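Peer 1: Have a look; sequence and predicted model below, questions after that.
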Amino acid sequence: MKNIIGIIRRFIPKGSGLGNIELSGICKIQNWMNTYPRKILGGDKLLEASCKQMGTIFKISAFWEVAT
């Protein structure tokens, strides 16, 4: 959990409320976190690892088109 908070703090300084951030900004942070390669996942991105586990094919470009 500390790692996740640390990642969020890269974008939102401590003491800043989420209420001051636009939804598009939050979506950009979410997209970055979900598509960042993770050592614990063998270099896979969280979304890729999740889809592999569920047995579905995943395309990053399709996600970006939907989320942005």
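Peer 2: On my side now, so go ahead.

Peer 1: buried ones in the top helix by length along the chain?
Peer 2: Criterion DSSP state H: the longest helix present in the chain is helix 23-34. For helix 23-34, the neighbour count (16 or more other CB atoms under 10 Å) marks 31, 33 as buried. Just so you know, the C-beta spots here come from the backbone N, C-alpha and C atoms, and that holds for glycine as well.

Peer 1: Could I get the CA-only coordinates of that helix as CSV?
Peer 2: What follows is helix 23-34, C-alpha atoms only, in CSV (Å, rounded to 0.1, in the frame of the first residue of the first chain):
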residue,chain,number,x,y,z
LEU,A,23,-11.4,13.8,-13.4
SER,A,24,-9.2,13.7,-16.4
GLY,A,25,-6.1,14.2,-14.2
ILE,A,26,-7.2,11.3,-12.0
CYS,A,27,-7.7,9.1,-15.1
LYS,A,28,-4.2,9.9,-16.3
ILE,A,29,-2.8,8.9,-13.0
GLN,A,30,-4.8,5.7,-13.0
ASN,A,31,-3.8,4.9,-16.6
TRP,A,32,-0.1,5.5,-15.7
MET,A,33,-0.3,3.2,-12.7
ASN,A,34,-2.1,0.4,-14.5
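
Peer 1: same question for it, mean pLDDT?
Peer 2: Mean per-residue pLDDT for helix 23-34: 86.

Peer 1: Which elements pack onto that helix?
Peer 2: Where contact means 3 or more CB pairs under 8 Å, 6 or more residues apart in numbering; DSSP states H and E, helix 23-34 is packed against helix 2-11, helix 46-54, helix 60-67.

Peer 1: Apply 7 Å and report the result again.
Peer 2: helix 2-11, helix 60-67 (3 or more CB pairs under 7 Å, 6 or more residues apart in numbering; DSSP states H and E).
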